[in-house]
Every structure is written in structure tokens, then in C-alpha cells.
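>>> dropping the sequence and predicted coords here.
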Amino acid sequence: MAAPSPTAPEPEPTASDTGENEDLTAPKWRYFDDELARTTLWTKLTRMPTLTAAAVGWAWRANRRDLLTALIASSVAAVLSAVSLAWVTRVLDALFSEGALPSRVEAALPAVAVVAAVATLAGTIRLVSDLALARLGTQTERIVELELFDLTTRANLVAFDDEEWADAMYRSRDRGLYEVPRMVTACLEVLSGSVGLLSLAGVLAVLHPLLLPLLLVSVVPAGWAAMRAARMEYEAQRHLSTGRRRRWILGDRMASRDSAAELRSYTMRDSLMADYASLADRERATMLAVAWRQTRVRALGGVVGGAATALTYAVLGVLLVVGAMPLAAVGTAVLALQRAQGGMQQLLYSLNRVYESGLYFADFTEFCDKARTALPPVPAAPPPGRLERVEVRDATFTYPTGERPALEEVTVHVAAGETVALVGENGSGKSTLARLLGGLYHPQAGTVDWNGVDYARIGPAVCDRISVIIQDHTRWPMTARRNITMAQSRDEARLAEAARLSGTDEVVAALPRGWDTLLDTTFASGVNLSGGQWQRIADGRGFYRVADLLIADEPTSALDARAEARFFSTIHGHARRTGAAVVLITHRMASVRMADRVYVLDHGRVIEHGTHDELMRQDGRYRELYTLQADAYTDPEPEPVPDP
Ligand SMILES: Nc1ncnc2c1ncn2[C@@H]1O[C@H](COP(=O)(O)OP(=O)(O)OP(=O)(O)O)[C@@H](O)[C@H]1O
């Protein structure tokens, strides 16, 4: 396709160019939204026992004393407030009795004292319960977090390449982590709310059995309206969530340092602002519509509820007139019904929360169970000894999402004191083989042995003897020192040596606080490094680790020419200097020459191997790749100068 001429007029950006019409399909973390939208109150009620039991289990593990305190205190407080109500009848009895007002008030005083004392006690106990509940929430959050990260940091690396597993982990981290404590709190609220309602129902039943159906009639309309309004809000949030996330991402791009340069050079401002405004308008319109519909539902609930309350009071009036209930009992019943209405609304709200959080909670526990199956097996062999020889034999490895093997029947070996190079074109399987050698992946067929013992039998302990300079190294948000020492103990002499070998010494010399400089610009004292400087840090990390096998995967891709030359001369001497085995992956063919052996990979298979000289004589892929690169550095033949 011909490139547009620089003078041609710019075509107007279309809606899809600006992202307006992009398909904002529901993201994976809104996994349960459709299910939530379909479920009825009955489904919620039937799933309550299982969900509650599981949540109480977590709370029990978090802090059983707080759990018991919250449970007992909230139930006692609920019962006590019903008891105080029962005593209100006596107060009213005394006040409505025959006689002079002062003597009636005097007669009511003991009951008033009891009501006040019981209400104060109930309030105090409720405070204790609230405190225990708040403590329980944070403690549950803590153990849930620890459980999740314990599993994610121990699971086999290959699990992260499984899309389903990765999605489940994302959901667990994104929602599960905070839904579990919410679920615990909501469960306890449902339990105490139920006790409260039961106690109030008991008071009403004592006053007159007919009051129980009246209670139901008076709370149902308001409860229904509350549920409907909550559902509307929830569905609107669900509908808006993807757009919101997109708006959030756009906002981030417009305010972040990383995208600031491209935003300006590609003049993206107007287009991004337009996208942002259109998403914000859509959100505002939806929320206004919801507010209006909620108001209508609440009004309807209010009218029907008002009618139901009027009916209730009418029945109470009839009971009073026919002498079925004394005036004092009717007064208490009015109070009890009002309290029960509030309690019922709160209970329905908590029930809804239990169910919503419960779905994410169940997903979280399912993920934990799944993650436990992805943990490395218990080692069947003792920790490995000093390396003599690592050997990959007939190894075949396929990624969980891979359609074909990334490595097929690969056999390579490296002995202590040797340097072996892996070469091949992009995607030929070099990094995958490096990860097999590093004990990070295990082949589905064939073996990887350390001194003749299968890595699978040794378990993660094999990593203690290996140092890997990873191609996509991590920029750890820690000090320069910790970026090199990582989890190993601090050794200044080794640190200085690793820094010298990798060129990190030059980087650190220019840092404001030297080794103690924080390499993370999200903190005020943090600094930013260039890509090549980060590469030096990653290389230094590889040299610092005391290891029998050093695997360097593209360790110089970001280095300048001088740093690269120094690195290769260092790494070639490393095996001889330390007695370690070195596996080097690089596209710089000139630096492969010095390796003791070179393996050439193609489509996951080893197609050639030998020394540089042997491979050059074979006239195969190695020679082709080597010559291609060497030619690029050779001056073209000078054109013959024509005779004058
Ligand atoms: N996480 C993954 N999930 C699925 N397939 C993967 C994954 N990582 C790599 N692959 C595939 O495995 C094959 C080998 O990839 P690998 O990274 O080992 O190649 P490489 O030789 O190191 O490439 P490069 O020179 O580009 O670094 C490729 O086809 C790649 O697409």
C-alpha cells in the first residue's frame, strides 16, 4: 500500500478511530454479573447456609475470639433491645392506668429505669460487637491476602501461562480479596439481624398473635422497594463497569508520564479528550435514569407500605376497641412494628450483600483449591550437590495455550566449567529451553537432570543453585542494592564484584544515594533508569547470586557497544574463573564463537550442535546466521574508479 503523501490532507478521524464505537465487552473480572442479575431472592436464601459456613470458617481461622465475641454480643444486643421493648409496655401500662398524673409517672419510673438500663446495656454490647466485627474484617483480609500470595508465589510457573488460571487469579486478586471480608461481615450482620427480628417477632407474638402476619404485611412493600432499588443500582453499575474501566485507563494515559511524550508527538489530546467526555456523558445519563427509576420504585414502595402501615394501625385500633389488646400493648406494638420494618430492610440488604460477595467468595476459594493442585510436588530427592553436569534429554514441552510444542525431543548438556550457547531465530525455543534448564518449567516428556537426578524429583531446591538473567527482567521497585542482592544475604565484596562485571558500578556511581537509591519513580525519593541501565542491574543480579549454573538469556540486548563487549568478555571468563556452567542465549553471533559448544534451535528442535569451527564447516543454519551478521559489518567492495 502506498504511503500517504506528506502534503495530502489528513482524513477526518472516524468514530472507530477514536474508540467511540469499540466493542466494550464485559471484562473478565465482571465474571458473575450475568449470574447475579438472574438470581432470585429464593436462590439467595437457599445458598446462604453453605456460604455462611464457609465465611465463618475463614473468620474462625482469622480470630476465633473476635468471631465468638461478635456473634454472641450482636445476638445478645438484639435480644436485649427486644427485652427493653417488652418493658416499654409496663411503662405505658403505668402511664395509662387510673389515678393522678404524678402518681402514674412515679409508678412508671421503675420500668423506665429498666428500659433505660437495658437499652444502655444493649448499646454497649452492640459497640463491643461492632468492634469485634471491625477487627474481624481486617484480620480476615490479612489471612485471605496471605493465603492468595502464598499460593501464587509457590505455584508452578507454567500455571501462569494457563489463561484460565491467570483469569481466575486476576478475579481472586481483584474482587475475591476484598469480597471475602465483606462477606464475613455481611454474614454476621444477617445472623444478628435474624436474631433481632426473631426477638421482635417474639415480643409481638406475646402482645397478640395476629401481629405477626401484620408485621409481614407492613415490611414487605418497603423491603421489596429496597431490593428493587438495589438491583437497579447494581445493574447500572454492571452496565457501566467496562466503560468506567476504559475511562479510567484513558484518564491514566492522559495523566501518566509514560504516555506523555507519545500523546504530544502524535497529537492524541483532542481524540482522547473526546473519548473521555463521551464515556463520562454515557455514565452520567445512565446514572440519572437510574436515580429517576429508583425514586419511582421507592415512591411506590412508600405508598404501598404506607397503606400497609395504615391497615396495620387500623387492625391495632380494632383490637383496642374490641378489648383484645390494652392501650399500652398497642403502643408497644407500634414501636415494635416500626423497629421490625427497619430491621427487615437492613436484613434484606445484608442478605443481598452476602449473596453478591458470596459468588466472588466461592470463586476465590475455588481458585485457592485449583492453585493447590498447581504446587510443586514434595521433593523425592535430597537438595542437589555441587554441579557436575546438567542434561536435558529428549525433552518436549508445550505451553498450556500452545497449539504445538515449543520444544520437541530436545537433548542438550552442559558441564561445570563449560560455556554453552543457544542460538536460533525468534520463537525457535531458546528462552523456553533456558527455563527448563533453570528448573522453571518441567517437560511433559523427557527429563532435565542435575548430576543424573531428575529436576522433578529435586523440586524447587534446584533453583537455589541456579542463577538466571531473564530476558524480560523485572524492574523491582526496591533500592539498587536489593535489586542486585535480591533475597540473598548482603556481601559488600560480592556486590562490588558483580557491579564491576555487569557495569552496574557506573550506574550506581551516578545515583543520588548510591546503592540506597530507590529505583521507583512512584516515590518521591525514587529515580528512573534507562533501559540499558536496568539491563546492567539485571546482569549484576545474575553475577551476584552464588550459583553453579548461570543462564543468561539475551543479557546484552539493551547494552551499548562498549558495555556489550565488556559483558561478553566477562561471561566467557566466568565459567573458567568460577567453575560454574554457563548457558548463553544471544543473537550476537560474534560473541558465540568462544562458546565450548553451540546448539542451534529451529521450531523447537536442535538442528545443529558443535563448536563454532565445526558448525561453520557444516554450511548449515549456523553458518548462514553468522555470515549474515558478519557481512553487515563488512565494508562493501569499493566501486572501481573509472579512468579519466
Ligand atoms: N507463555 C507462552 N505461552 C504460549 N506460547 C509461548 C509462550 N512463550 C513462548 N511461547 C511460544 O513458544 C515458542 C518458543 O518461544 P521462546 O520464547 O522460547 O523463543 P525464543 O527462541 O526465545 O525467541 P526470541 O529469540 O524471540 O526470544 C514460540 O512459538 C512462542 O510463541
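Alright, I've got the coordinates. Numbers count the residues shown, from 1 in each chain.
>>> how far is the helix or strand encompassing residue 113 from where the chain is centred?
Using DSSP states H and E, residue 113 sits in helix 101-154. Taking Cα atoms, centre = their mean, to the nearest Å, one finds helix 101-154 lying 32 Å from the centre of the chain it belongs to.
>>> quick one: contacts for the closest residue to residue 538 other than its chain neighbours?
Sequence neighbours aside, residue 473 is the residue nearest to residue 538 in space, at 3.6 Å (criterion: Cβ to Cβ, 6 or more residues apart in numbering). Where C-beta positions appear, they are placed from N, C-alpha and C, glycine not excepted. By Cβ atoms under 8 Å, 6 or more residues apart in numbering, the contact list for residue 473 reads 534, 535, 537, 538, 541.
>>> could you look up the SS state of residue 473?
coil (DSSP: H, G, I helix; E, B strand; the rest coil).
>>> on that earlier part again, which of the contacts of residue 473 fall in strands?
Among these, none falls in strands (DSSP state E).
>>> show me those that map onto helices.
Judged by DSSP state H, helices contain the following of the contacts of residue 473: 534, 535, 537, 538, 541.
>>> among those residues, which ones lie close to the ligand?
With the criterion set as Cβ under 6 Å from any ligand atom, no member of the ones in helices among the contacts of residue 473 is near the ligand.
>>> any chance of those in TSV, plus neighbour count and pLDDT?
What follows is these, written out as TSV (neighbours: other Cβ atoms under 10 Å; pLDDT from 0 to 100):
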residue	neighbour count	pLDDT
534	19	94
535	27	94
537	23	95
538	24	95
541	25	94
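>>> helix, strand or coil for the residue nearest the centre of the chain?
Nearest residue to the geometric centre of the chain (Cα atoms, centre = their mean): residue 173, 2.3 Å. Secondary structure state of residue 173, per three-state DSSP, is helix.
>>> let the chain start at 5 from now.
Got it, the first residue is 5 from now on, which makes the last one we talked about residue 177.
>>> any idea how far the helix or strand residue 195 falls within is from the chain center?
Element membership for residue 195, per DSSP H and E: helix 181-211. On the basis of Cα atoms, centre = their mean, helix 181-211 sits 31 Å off its chain's mean C-alpha point.
>>> what angle sits between it and helix 105-158?
Helix 181-211 and helix 105-158 are oriented at 150 degrees to each other (axes from the mean of the first three to the mean of the last three Cα atoms, to 10 degrees).
>>> tell me the mean pLDDT for helix 181-211?
Averaging pLDDT along helix 181-211 gives 85.
>>> before we move on, what about stretch 563-571?
Mean predicted lDDT for stretch 563-571 stands at 86.
>>> and for it, what's in contact with it?
By Cβ under 8 Å, 6+ apart, stretch 563-571 touches 506, 507, 536, 539, 540, 543, 559, 560, 592, 595.
>>> what's the answer for stretch 367-378, then?
The contact list for stretch 367-378 (Cβ under 8 Å, 6+ apart) reads 35-36, 58, 148, 151-152, 155-156, 159-160, 163, 169, 172-173, 175-176, 179-181, 183-184.
>>> same thing but at 10 Å, please
Contacts to stretch 367-378, defined as Cβ atoms under 10 Å, 6 or more residues apart in numbering, come from residues 35-36, 58-59, 61-62, 148, 151-152, 154-156, 158-164, 166, 168-169, 171-177, 179-181, 183-184, 187, 361.
>>> from the chain's centroid, how far away is it?
14 Å.
>>> what residues of that stretch count as buried?
By 16 or more other Cβ atoms under 10 Å, the buried positions in stretch 367-378 come out as 367, 368, 369, 371, 372, 374, 375, 378.
>>> ditto for stretch 563-581
Residues of stretch 563-581 classed as buried: 563, 567, 568, 570, 571, 572, 574, 575, 576, 578, 579 (neighbour count, 16+ other Cβ under 10 Å).
>>> what does stretch 313-331 give?
313, 316, 317, 319, 320, 323, 324, 329, 330.
>>> wait, isn't the fifth one in contact with residue 219?
Meaning residue 320. No: using Cβ atoms under 10 Å, residue 320 is not in contact with residue 219, being 11.7 Å away.
>>> I am finished for the moment; much appreciated.
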